[in-house]
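# Okay, here's the prediction I keep looking at, along with the sequence it came from:
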Amino acid sequence: MFPWLGYGHISPYLELAKKLTARHNFKVFICSSLATLNCIEHKITDQMLPSIKLIPILFQDFPDLPRNLHTTNGLPPSLMPRLKEAMQSHMTIDGLSDILSDFKPDLLIYDILQPWVPALAKKHKIPAVQFVTSSCAATSVMIHYYKNPSGRVEFPFPDIHNFSGLDPDEIDRELACANSPKERELMFTGLEKSSDIYGAREVKRYRVGQRV
C-alpha cells in the first residue's frame, strides 16, 4: 500500500489493511514517509505485526522541507507544493521500486496524486489498483464536475448528488486547491490507470468498483 502523505489517507489504508488481514490470509506492507508512518505506528498492535508491516520510504529533502515535514499533518499550506514535488521525486520512485523488487507483492494499492505508480508497478509486472479514501458518492460527483467544469451538464443521479453533500461551488473550491490544471488532472488520472477496478471507502464498509 502506498497512501498519500496525510493522516486522513493513511488511516483509511490502515483500516483496509486490518480488514484484509483479519478475514483473509493477507500480508500487507504500508509504505510511506517516516513522518507519516509515525502517525499510525501506535495503532499497530502485537497481534497485527505478523500481517501488517510499516515500510519507510526516504523522500527527497529540501532546505524548506526537512524529513520531519514529509507529511500533511501540521504542514504549512505554503509548503504543500514542495511536498507534492517530494512525492514525485526520483528518490521516492526509486525507493518504491526497490520495495517492489524486494517484497514482490501480488498487488499494489495506491492513492491520489500518484499517476506514476501504475507505470512503475507494470515494470515489475504487478497489478496496481487505486483506493479512494473519499466516498463513492463524493468521488463520482467530483469527477463529473471536473469533466464538466461549466456546470451546464447536470449530474445524472440527483439522489447520489444530494447524498454526497457536495454542491458545484464547493467542488470548484476543492479543485481550486490544485496548483494548476495539470495538477487537477493528476487528481483523477490515477483512477483511469487503475487495473480494471478501484476501491473506495464508504461510511461503514469498503467497496470495489469497476473502472469505466
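Looks like it arrived, so ask away.

# rest of the way, CA atoms for contacts and neighbours
OK.

# And the strands in this protein, which stretches?
All strands of the chain, identified by DSSP state E, fall at 28-32, 52-56, 108-110, 128-132, 197-201, 206-210.

# worst average pLDDT in the ones you listed?
Mean pLDDT per stretch puts strand 206-210 lowest among those, at a mean of 49.

# which regions of the protein lie under the pLDDT threshold?
Residue ranges of the chain with pLDDT under 70: 150-152, 161-188, 190-191, 196-198, 200-212.

# middle-most residue in it, spatially?
residue 111 (1.8 Å; C-alpha atoms, centre = their mean).

# Nearest spatial neighbour of that one, chain-adjacent residues omitted?
residue 3 (5.0 Å; C-alpha to C-alpha, 6 or more residues apart in numbering).

# Report the inter-axis angle for the lengthiest helix in the chain versus strand 128-132.
Taking DSSP state H as the criterion, the chain has its longest helix at helix 7-23. Relative orientation of helix 7-23 versus strand 128-132 (axes from the mean of the first three to the mean of the last three C-alpha atoms, to 10 degrees): 120 degrees.

# Give me the helices and strands touching helix 7-23, please.
Counting contacts by 3 or more C-alpha pairs under 8 Å, 6 or more residues apart in numbering; DSSP states H and E, helix 7-23 is packed against strand 28-32, strand 52-56.

# Please, where are all the helices along the protein?
With helices called from DSSP H, the chain shows them at 7-23, 34-37, 80-87, 90-103, 117-123, 136-147, 158-164, 168-176, 181-193.

# Show me which residues of the second one are buried.
Within helix 34-37, the residues that qualify as buried are 34, 35, 36, 37, counting by 16 or more other C-alpha atoms under 10 Å.

# hang on, residue 193 packs against residue 120?
No. Residue 193 is beyond contact range of residue 120, at 11.6 Å (criterion: C-alpha atoms under 8 Å).

# Residues touching stretch 20-38, excluding its own?
1-7, 10, 14, 17, 50-59, 67-71, 73, 96 (C-alpha atoms under 8 Å, 6 or more residues apart in numbering).

# Straight-line length of that stretch, end to end?
Start-to-end span of stretch 20-38 (C-alpha to C-alpha, to the nearest Å) is 22 Å.

# chain center to that stretch, what's the gap?
Relative to the chain's own centre, stretch 20-38 is displaced by 13 Å; criterion: C-alpha atoms, centre = their mean, to the nearest Å.
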